[in-house]
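Asks: Please find the sequence and the predicted model below.
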Amino acid sequence: MEFFFDFCYDTAQVIWFYQFYSRRLMSARLVCIAASLSRTALPLLMSTLMTGNCSLGVLIAIATGALGIFLFNTSVSGKSSVSKDAFGQTSAGANVEIYTLTNSKGAEARIITYGGAVVSLKVPDKHGKFGDVVLGYDSIAAYEKHTAFFGALIGRYGNRIGKAKFSLGGKEYKLSANNGENHLHGGIGYDRVIWSARPSTDAAGAKLELKYLSRDGEEGYPGNLDIKVVYILTENNELKIDYSATTDKDTVVNLTHHSYFNLAGSGNSSILDHQLTINADRFTPTDSGSIPTGELRRVNGTPFDFLQATAVGSRIGEADEQLKFGLGYDHNWVLNKKGKELSLAATVYESTSGRVMEVHTTEPGLQFYSGNFLDGAINGKSGQKYPYRSGFCLEAQHFPDSPNKPQFPSTELKKGKKYSQTTIYKFSIR
């Protein structure tokens, strides 16, 4: 019997060392208590049963079991947390905050209230080393200066609207033209505003709820749009983004997220060796201004076929008209799905780190952008220059120019109705 108690104690000590060195210190302390139980409560239970006092023995067993289960569950689930710090002031004098979301496994997402931008996202590689897998800046001044949309929330309409106008309910609405003659990412959009923030933690993970009221007429769009976006860092190393919005006037809505990812580490190398899979049989070809023609073209036999894992750079230099128009990949894929179910849209694998990223979404489309305009001129975090194609974007969305393409899934939001979408970036290792 003494051997059994010692075995329980030794096993608990091993778990303690694991918890301690993986930075789960609270869990480690609890496991230490569990180890003590093996030297106290368990012998007391056996002694009580041997003296024939079964009733007392049962009570001790129940109490010990309940406490043991509690300690085990606490040690396994760990604890998520959210902290807040100042990130500086905008040129207009507005205060910007940065929130750090962490889970018990050590994963960390840092998000600022300016543009709701993800500044950094740290997840482990195959050796257990944590690394930042998104591009970003160290200062609010840099976010104001540059227009790459690093990590930002995008709206009122993510992607492009042709000739910066659309008609709704028999009325034409003219938008700001900020991409040649076209309208891109909402003009001076949600990446340029201060969002109100409310942090919390619960069983789902560490959360940051962001809110913004987009006024009627802002950048030419109709209706007051009341928006809520919730970032959740889960215990499964997922960054989950829940979007919702309501309007007091019929409008169009297409919200998305614009992180630039590099699974080898933030801007450490080209992303051309990343292995990409996109669950889509078709894509939306564009004209020379990156506005969809309206066709849903099969990917078979083209450089846009990512139905099987393929290196991003393997065909990016081919003499394909669509690649020339986008200067690489900057296109919308039509996901293989029937409705708004949450489903796997894409998987990316980077071999040196072993990191895998899955994208799950309720949206019908996915924009894959291969960082074609990164040119080494941008100074990112820690002064690092981001070279050509050192980051990629996977933006879950409705299709570009949908308000002018009635054959595309509608982006219209009626007065009194609710817009919603969910996108998850899930990280693991292989």
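Replies: Received it, and whenever you're ready, just let me know what you need.
Asks: residues touching Glu181, list them.
Replies: The neighbourhood of Glu181, defined by C-beta atoms under 8 Å, 6 or more residues apart in numbering, consists of 163-164, 289. Yep, even glycine has a C-beta here, placed from its N, CA and C like the rest.
Asks: any chance of those in a markdown table, plus neighbour count, distance to Glu181 and pLDDT?
Replies: Rendered in a markdown table, the data for these read as follows (neighbours: other C-beta atoms under 10 Å; distance: C-beta to C-beta, whole Å; pLDDT from 0 to 100):
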| residue | neighbour count | distance to Glu181 | pLDDT |
| --- | --- | --- | --- |
| Lys163 | 17 | 6 | 98 |
| Ala164 | 21 | 7 | 98 |
| Gly289 | 13 | 7 | 96 |
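Asks: and stretch 266-286, average pLDDT?
Replies: Mean pLDDT, computed over stretch 266-286, is 94.
Asks: how near is the closest residue in space to Val299 that isn't next to it in sequence to Tyr329?
Replies: Counting by C-beta to C-beta, 6 or more residues apart in numbering, Asp305 is the residue found nearest to Val299 once chain neighbours are left out, at 4.1 Å. The gap separating Asp305 from Tyr329 is 12 Å, by C-beta to C-beta, to the nearest Å.
Asks: neighbour count winner among those two?
Replies: Set side by side, Asp305 and Tyr329 show unequal neighbour counts under other C-beta atoms under 10 Å, the larger going to Tyr329 at 25 against 16.
Asks: The nearest residue to that one once chain neighbours are set aside - how many residues pack around it?
Replies: With C-beta to C-beta, 6+ apart as the measure, Ser370 is the residue that lies nearest to Tyr329, at 4.1 Å, once sequence neighbours are left out. Here the number of neighbours of Ser370 (other C-beta under 10 Å) works out to 26.
Asks: what pLDDT does the residue nearest to Val299 get?
Replies: Asp305 is assigned a predicted lDDT (pLDDT) of 98.
Asks: Distance check, it against Ala280.
Replies: 9 Å.
Asks: In the stretch 251-400 of the chain, mark out all the strands, start to finish.
Replies: In the stretch 251-400 of the chain, the strands defined using DSSP state E, counting those that start in this stretch lie at 251-252, 256-258, 275-278, 282-284, 297-298, 310-311, 330-334, 343-349, 355-361, 365-369, 393-397.
Asks: contacts for the first one?
Replies: Contacts of strand 251-252 from elsewhere in the structure, counted by C-beta under 8 Å, 6+ apart, are 156-157, 166, 168, 221-223, 225, 402-403, 411-413.
Asks: And these, which is closest to Thr256?
Replies: Tyr157 (9.4 Å; C-beta to C-beta).
Asks: List of residues touching stretch 352-360?
Replies: By C-beta under 8 Å, 6+ apart, stretch 352-360 touches 123, 125-127, 131, 133, 261, 263-265, 342-349, 366, 394, 396, 423-430.
Asks: Rounded mean pLDDT for the longest strand along the chain, please.
Replies: Longest strand in the chain by number of residues, with DSSP state E as the criterion: strand 418-429. For strand 418-429, the mean per-residue pLDDT is 98.
Asks: Parallel or antiparallel, list what pairs with it.
Replies: With DSSP bridges as the test, strand 418-429 is paired with strand 238-247 (antiparallel), strand 355-361 (antiparallel).
Asks: that older thread, name the nearest of the contacts of Glu181 relative to Ile316.
Replies: The shortest separation between Ile316 and any of the contacts of Glu181 is 20.3 Å, and it belongs to Gly289 (by C-beta to C-beta).
Asks: shared neighbours, Asp305 and Ala280?
Replies: Val299.
Asks: Identify the residues contacting the closest residue to Leu168 other than its chain neighbours.
Replies: With C-beta to C-beta, 6+ apart as the measure, Asp250 is the residue that lies nearest to Leu168, at 6.0 Å, once sequence neighbours are left out. For Asp250, the contacting residues are 168-169, 222-223, 412-415, by C-beta under 8 Å, 6+ apart.
Asks: Kindly provide the distance from Asp250 to Glu412.
Replies: Taking C-beta to C-beta, one finds Asp250 at 7 Å from Glu412.
Asks: so what sits against both of these two?
Replies: Shared contacts of Asp250 and Glu412, counting by C-beta under 8 Å, 6+ apart, come down to Leu168.
Asks: With distance to Arg192 added, can I get the contacts of Glu181 in CSV?
Replies: CSV is the format used below for these (distance: C-beta to C-beta, whole Å):
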residue, distance to Arg192
Lys163, 23
Ala164, 17
Gly289, 23
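Asks: Tell me the one among those nearest to Gly88.
Replies: For the contacts of Glu181, the residue nearest Gly88 by C-beta to C-beta is Ala164; the value is 32.3 Å.
Asks: so the closest one touches Ser176, yeah?
Replies: Yes: taking contact to mean C-beta atoms under 8 Å, the distance of 6.5 Å between Ala164 and Ser176 places them in contact.
Asks: shared neighbours, these two?
Replies: Overlap between the contact sets of Ala164 and Ser176, as judged by C-beta under 8 Å, 6+ apart, is given by 183, 220.
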